[in-house]
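J.: What follows is a predicted protein model with its sequence.
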Amino acid sequence: MNTYIKTKLIEQIGILGKAQEMALQQAEPLAASQITMGMLEFIKCLNELDDEDDNYICPDCEEAILKEQLHQDMANASDLPIELVKRVLKGRCEVLGMDD
């Protein structure tokens, strides 16, 4: 979805660039400056989308990472190997009929 939004923002920047050229040719400095501000807002949005892409983790991956961290924290707290903690938790889930 972000790729589609980025593409549209880039298209809009191109259109605003042409409008800015027209405003400058017609000696409309106020219009040109307002168009420039609009272009800067689009660029700001693009930068924010890039920042979001760098930090994005899909929900399933995030859940798996959190689960792995929880297991590691339990292993560290109990001074047991992580494999043993995972086995115990998996067995508990099977006995109680819970989802892993």
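T.: Ah, there it is.
J.: Distance of Lys18 relative to Lys6?
T.: When distances are taken as C-beta to C-beta, to the nearest Å, Lys18 and Lys6 turn out to be 19 Å apart. No exception for glycine: its C-beta is placed from N, CA and C like everyone else's.
J.: do Gln34 as well
T.: In this structure, Gln34 and Lys6 are separated by 23 Å, where distance is defined by C-beta to C-beta.
J.: repeat for Leu84
T.: Computed with C-beta to C-beta, the distance linking Leu84 and Lys6 is 47 Å.
J.: Next: Asp79.
T.: 49 Å.
J.: quick one, which of the two is more surrounded?
T.: Counted by other C-beta atoms under 10 Å, Asp79 and Lys6 do not tie: Lys6 has more neighbours, with 15 against 6.
J.: Contact partners for that one?
T.: Lys6 makes contact with 46, 49 under the criterion C-beta atoms under 8 Å, 6 or more residues apart in numbering.
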